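Novice: Would you be able to build a 3D model of this:
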Amino acid sequence: MRETVSAFAQHGRSGTPLPARSVPRIPVVALGMSLAATLSLTFVLCVLFDLWFPELAMNSIWAPLLPGFVWISWQSFFLGLVEACAYGWYIALVFAPIYNFFARKFA
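Specialist: Take a look at the predicted model:
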């Protein structure tokens, strides 16, 4: 009986390697920077909106979300800005590793 030899085996190759399926990952630092910037910009825009339209002000909503924030002084504004940035980093530090874990597990 004659053995069948593939063309790849004749040339010492076992086949064309397929690219490995990459698991989507979220980089924590990029997510942290983008969320911090987004939340900080949103905070600044909301404060400006409240200053331009005081009858529609949302400053009563900021108080429970941003501890120590009082309407409005420079110290309070910068405290709110720092807290908005911290919220962005908190979300990134919690969400990205959890997402990356499950993305690897179920890929």
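
Novice: Please give the element, helix or strand, for the closest residue to A92 other than its chain neighbours.
Specialist: Distances taken as CB to CB, 6 or more residues apart in numbering place G32 nearest to A92, at 3.6 Å, with adjacent residues excluded. For every residue, glycine as well, the C-beta is placed using N, CA and C. Using DSSP states H and E, G32 sits in helix 28-52.

Novice: Report all helices and strands that that helix contacts.
Specialist: helix 74-105 (3 or more CB pairs under 8 Å, 6 or more residues apart in numbering; DSSP states H and E).

Novice: Now do the helix it packs on: which elements does it pack against?
Specialist: Under the contact definition 3+ CB pairs under 8 Å, 6+ apart, helix 74-105 sits against helix 28-52.

Novice: for the helix it packs on, the distance to its chain's centre please.
Specialist: 13 Å (CA atoms, centre = their mean, to the nearest Å).

Novice: got it, and stretch 78-94?
Specialist: Remark: stretch 78-94 is offset 12 Å from the chain centroid, using CA atoms, centre = their mean.

Novice: I'd like the average pLDDT over that stretch.
Specialist: In this model, stretch 78-94 has a mean pLDDT of 96.

Novice: same deal with stretch 17-37?
Specialist: On average, stretch 17-37 scores 88.

Novice: how long is it from one end to the other?
Specialist: End-to-end distance of stretch 17-37 (CA to CA, to the nearest Å): 42 Å.

Novice: can you offset everything so residue one is 194?
Specialist: Sure, I'll start numbering at 194, so the last one becomes stretch 210-230.

Novice: Which residues does that stretch contact?
Specialist: 277-282, 284-286, 288-290, 292-293, 296-297, 300 (CB atoms under 8 Å, 6 or more residues apart in numbering).

Novice: buried residues in that stretch?
Specialist: For stretch 210-230, the neighbour count (16 or more other CB atoms under 10 Å) marks V221, L224, G225, L228, A229 as buried.

Novice: Leaving out chain neighbours, which residue sits closest to the fourth one?
Specialist: Looking back up the chat, that one is L228. Among residues not flanking L228 along the chain, G281 sits closest, at 3.5 Å (CB to CB, 6+ apart).

Novice: That concludes my questions; thank you for your assistance.
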